[in-house]
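Visitor: quick one: sequence and predicted model below, then my questions.
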Amino acid sequence: MTTALPATQAPATDAHALTGKRRIAFASYVDENYLPGFLTLLRSLALSNPGVCEDFVVLYDDLRPGSIARIRALHPRIVFKRVGDTHYDSYKKGDQDNYLVRKAYFILDVFRIREYDTIITLDTDMVVLGDLGELLRLREGLAAVPQFFYGQHKLNSGLLVIQREYLSDEFCAKVDRCGRTGDYELDKHDQGILNAVLDGDFVRIDPRYNFVKRRLSGDLPVPEDTAILHFTGRHKPWQGGEAGYSQAEDRWREFELSDADFQSAYLASSGGLHHDLVVHFGTPHVRRTGDVEVARKVAAAHIANGDYQDAVDVLSSVRIPLDEAWPHEVLGHALMSVSRYEEAKAQLLLATAAPNRAATAYARLAQMAWVHGDNTESLRHATAGITVDPTHRSSRLWAQRAGAVPSQERGSAEDQLAHVAFYMDRQGNAGDKLLPETVRLAFGPDVTSRRWHSVHAHRLFDEAALERVNARRGLVIGGGGLFIPDTMPNGNSAWQWNVPDELLNRIDVPIAVFAVGFNAFDGQSYRANRFRDSLLQLVERSAFFGLRNHGSIEKVRAMLPSHLHDKVRFQPCPTTVMRQLVAGWQDPVQRENTILINAAYDRAGLRFGHDYGYFLAQMAQAVRDLGKLAEVQCVAHSLDDEKIAFDLRREHGISLPVIPMYDFDNDQIRELYARTKLVIGMRGHAGMIPFGVGTPVISLISHPKMAYFLRDIERPEWGVSVHDRHLAARLVERASDLLADHAKTVADVHGRQQELWKVTEANAADLRVILGS
């Protein structure tokens, strides 16, 4: 049977729609005459902002295939949009043969783009000389630099920063109406229609972001703080230039490079390079030169993207000298991530010869030995890493894990269920630490080894593990976000359980997948074929396949043949029904007057994009205002979660008490969350655990899974995107509403939980039949 909350509909699973993460793009109108300028613009953008890689929309009507190929060679995320004159045939002052006039009309097509939240337009006669971070962080209005020679009430449309409210049918209608009536000035600066429509109502930005060439008449030098230099006028640098501007044109010619020279220049840039750009420019460079150091950078970028086989391929294509430790270490990392363990070991042993790479190499060797179940070898390698660098955190963690004394099993195999899960270390993520025990509580009160045989998901499932599992009554897999590609990656399944297909198919006891989540972030993808094949076999072999939210159900069903869709059912995370599972549970008679805040920092780029500074400022305001309602404290599920407290103190002068929940045992975790009045959390289990013990929650949504959960309980208003324009105000408003009649809010939480408990009870009846208990 398939069980679901009666009133819950299948959710939209578009990650952007759920997280509210801003989609940003650059845009330009390009034709053959201005192509040399545009190619130079692209080079300057990459060299001046090496860590920025957003979509670049190219509006065009007559580019040749060879020109399109040249553009693609300079940017990995080009989006071509072909446009034509037909929109503007009825405009009153149009001379369609005049480039500037045509560009004025074509650039208005930018306002018809609906795929982005922020678009930054750049003229093709510009070069980027400085950091554009301020433009990328703009979030409101339509921003531009005022015209230098005509006063602050008119904008120069060479650079526009356009937000979502202007990328609308309503604004386009105003533009069209103005164009048809002819109620505008069409000057040589090609911005007449926009100035007529806006009438001075735009956000002014610093002139250094659109510094016009004419300000340098008399061969003046370009000011050091210029971010974008705009070669206005008829004489362009690629057409021979203009007398009196040689210093400005020299800055343009800095970026007039061959593809090979440009690739070399980018790869030699300092600072954080964007992994997509490293791959795009580094791959042809490696192919052409065999450069080992660049191959290492490209491989590391592939690893950052989760493209482990591509990392193996690029480093395998070059000859790595024996004494080049870093490339050997990166190749070893890539090989172990695709489960080519013996080859990885050889590469990592070579890397241990260099003192500056040895600790990392030893830590990876320790990890591999642990994956293969060899704690003695793992501890030996981890200890070697600590000897090289006593401060090396990863080596210390592997030493701790390998040196832990395994618990002795007390039950007989025929009375036990095998349990595949991510068993967290002592100072690991608090939610993941609590989860395996909570899953077991859903099957009965005894969570000890009398009834359970533990199988760590990250250890290689080999013949010995298969024999042990097949000796048990059944196999439970879950819960948690096991369907994620980059936590302990492996080439056997491409998700967290390191199980080869051949061994999965030889499991002959009933398999129950219980409350597992599809955990990919907005902007994160799986190695589709390997994951899909492993998933297909898992679903076919499972007697019960329950996912923890309807969003995960829709994602997984989309990867399966239709005849398996009904096999995928809803099983809420058991942490959400904890009050029903813990024997003798009693709700608190009185709660502390506290609000707990949690923020997560793993994969921060995927969570925040360009908006972390904005998020932090909004949280600072929210903490100040929430402090009028209750004492605000920071609860850290992992060590990294403490960052919000450090950043708030450093950037905004706000001090928060920090609760190190990563040091808590499971009872302490439940007790703390049950005692507080409200939790505002970003981590999934910073929402699900307090909800499960009856505490109201507000989710800081930076990952689709929390939106999935709130939709399942029919309370989407309990979530606010970390990108929300009014984040602080919304948090305070919703917190005030929830706290105003706290008893009523808690009763609502209990009622929502009861619906999830009904689903869990119905599934439990099926599982008793399947597992014979």
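Guide: Nice, I can see it. Note that the structure is a prediction, hence the values are computed from the model and not measured.

Visitor: how about the strands in the stretch 351-500 of the chain?
Guide: 417-421, 452-456, 474-477, 480-483 (DSSP state E, counting those that start in this stretch).

Visitor: to A430, which of those strands lies closest?
Guide: strand 480-483 (12.7 Å; C-beta to C-beta). Where you see a C-beta, it was placed from the backbone N, CA and C, and this is true even at glycine.

Visitor: who does that closest one pair up with?
Guide: Listed by DSSP bridges, the sheet partners of strand 480-483 and their directions read strand 511-518 (parallel).

Visitor: relative to the whole chain's centre, how far out is the strand it pairs with?
Guide: The chain centre lies 23 Å from the centre of strand 511-518; the measure is C-alpha atoms, centre = their mean, to the nearest Å.

Visitor: where among the strands of the stretch 351-500 of the chain is average confidence lowest?
Guide: If the strands of the stretch 351-500 of the chain are sorted by mean pLDDT, strand 480-483 sits at the bottom with a mean of 88.

Visitor: how far is the helix or strand following it from where the chain is centred?
Guide: Along the chain past strand 480-483, the next helix or strand (assigned with DSSP states H and E) turns out to be helix 501-504. Once both centres are worked out by C-alpha atoms, centre = their mean, helix 501-504 turns out to sit 31 Å from its chain's centre.

Visitor: now do stretch 477-485
Guide: Between the mean C-alpha point of stretch 477-485 and the mean C-alpha point of its chain there is a distance of 17 Å (C-alpha atoms, centre = their mean).

Visitor: before we move on, what about stretch 342-360?
Guide: For stretch 342-360, the distance to the chain centre is 30 Å (C-alpha atoms, centre = their mean).

Visitor: compute the first-to-last residue distance for that stretch.
Guide: Across its full length, stretch 342-360 reaches 18 Å between end residues, using C-alpha to C-alpha, to the nearest Å.

Visitor: re the thing from before, now the strands of the stretch 351-500 of the chain in CSV, with mean neighbour count and distance to H726?
Guide: Written out in CSV, the entries for the strands of the stretch 351-500 of the chain read as follows (neighbours: other C-beta atoms under 10 Å; distance: least, C-beta to C-beta, whole Å):
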stretch, mean neighbour count, distance to H726
strand 417-421, 25, 39
strand 452-456, 20, 44
strand 474-477, 24, 41
strand 480-483, 26, 29
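
Visitor: turn those strands into TSV, columns for distance to R340.
Guide: Output for the strands of the stretch 351-500 of the chain, formatted as TSV (distance: least, C-beta to C-beta, whole Å):
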stretch	distance to R340
strand 417-421	23
strand 452-456	21
strand 474-477	25
strand 480-483	22
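
Visitor: pLDDT at the closest residue to K174 other than its chain neighbours, what is it?
Guide: With sequence-adjacent residues excluded and distances taken as C-beta to C-beta, 6 or more residues apart in numbering, K174 is closest to V197, at 5.1 Å. For V197, the pLDDT comes out at 87.

Visitor: close enough to count as contact, V197 and D176?
Guide: No. With contacts defined as C-beta atoms under 8 Å, V197 does not count as touching D176, sitting 9.9 Å away.
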